[in-house]
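Participant: Turn this into a model:
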Amino acid sequence: MPIHLQLREQLVAEMDRYADGQKLPTEFELAGQFKVSRLTVHKVMADLQKDGYVTRQKGRGTFVSHGDRRIHTGTDGAGVGLVQTR
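Facilitator: Presented below is the predicted three-dimensional model:
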């Protein structure tokens, strides 16, 4: 499995330990923690934002969002759906 998908799975699994609206570590900090490039973290964060797991605010950071979330079960786009979490 590609590194960015492994990182995505790990971050999604850890989302519930954060409160809604809580700030996540920076891309640089996450890159160091998971021993991946910052660009890999950036790509994963962009995907998580698109899927509703986080919101990003330029100059402020990345924040957890426990609203509606899209789930991906494959890389071909099949199995994409919404999960109500509220």
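Participant: nearest spatial neighbour of residue 66, skipping sequence neighbours?
Facilitator: Nearest non-adjacent residue to residue 66, counting by Cβ to Cβ, 6 or more residues apart in numbering: residue 20, 4.3 Å away. All C-beta spots, glycine's among them, are computed from the backbone N, C-alpha and C.
Participant: Could you pull up the residues touching the nearest residue to residue 23 once chain neighbours are set aside?
Facilitator: Nearest residue to residue 23 in three dimensions, chain neighbours excluded: residue 61, at 4.8 Å (Cβ to Cβ, 6+ apart). For residue 61, the contacting residues are 23, 24, 26, by Cβ atoms under 8 Å, 6 or more residues apart in numbering.
Participant: Could you check the pLDDT of residue 16?
Facilitator: At residue 16, the model reports a pLDDT of 85.
Participant: again with the one 10 residues further on
Facilitator: Per-residue confidence (pLDDT) for residue 26: 95.
Participant: cool, and residue 11?
Facilitator: For residue 11, pLDDT reads 95.
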